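In: How does the following fold in three dimensions:
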Amino acid sequence: MVSKIEPGRIEINVDIFTTDEKLPDDITGKGKLIKGDEIEVSDKFAVKYPSMQPTKKSGFGEGFRFVLSVLSGVGASLIANWVWDKIKDKEVKKLIIEREVVEKEEGEVKRVIKEKIQKKFD
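Out: Got it, this is the predicted structure:
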């Protein structure tokens, strides 16, 4: 599993607020998710599902966090494209990447993910 290889690994937190109850499962490609699940996307990239964060009072639907676990050598563009492909056709009310609120626009989502990955590897 990717997370067991510590050197050269970074993690990017992505918080998504949605009314689409299937979105967490669609992102990971797994059926019912359980806190702590980790899905290996490739030998250098995994998605962790640490928790569900109900936020009904915010008006943004339920929030959930997934963590991109990335080893050095994986192109930031590859990760950014993967994330965009997972959310582009979904009802995302609010998107936060590493504590930065991001508009659900292709260029913006990809730009922020690339910046966060590059910054953490520098």
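In: where exactly do the helices run in the protein?
Out: Per DSSP state H, the chain carries helices over the ranges 23-28, 76-87, 106-121.
In: Which of these sits closest to residue 42?
Out: helix 76-87 (8.7 Å; C-beta to C-beta). Yep, even glycine has a C-beta here, placed from its N, CA and C like the rest.
In: just how off-centre is the closest one within its chain?
Out: Centroid separation for helix 76-87 versus its chain: 9 Å, with C-alpha atoms, centre = their mean, to the nearest Å.
In: Which elements pack onto it?
Out: Here helix 76-87 touches strand 9-18, helix 23-28, strand 45-53, strand 62-71, helix 106-121, going by 3 or more C-beta pairs under 8 Å, 6 or more residues apart in numbering; DSSP states H and E.
In: same thing but 6 Å
Out: helix 106-121 (3 or more C-beta pairs under 6 Å, 6 or more residues apart in numbering; DSSP states H and E).
In: Could you pull out the buried residues of the helix it packs on?
Out: Along helix 106-121, these residues count as buried under the neighbour rule (16 or more other C-beta atoms under 10 Å): 109, 110, 112, 113, 114, 116, 117.
In: any low-confidence regions in this structure?
Out: Low-confidence segments of the chain, defined by pLDDT under 70: 1-7, 30-35, 51-61.
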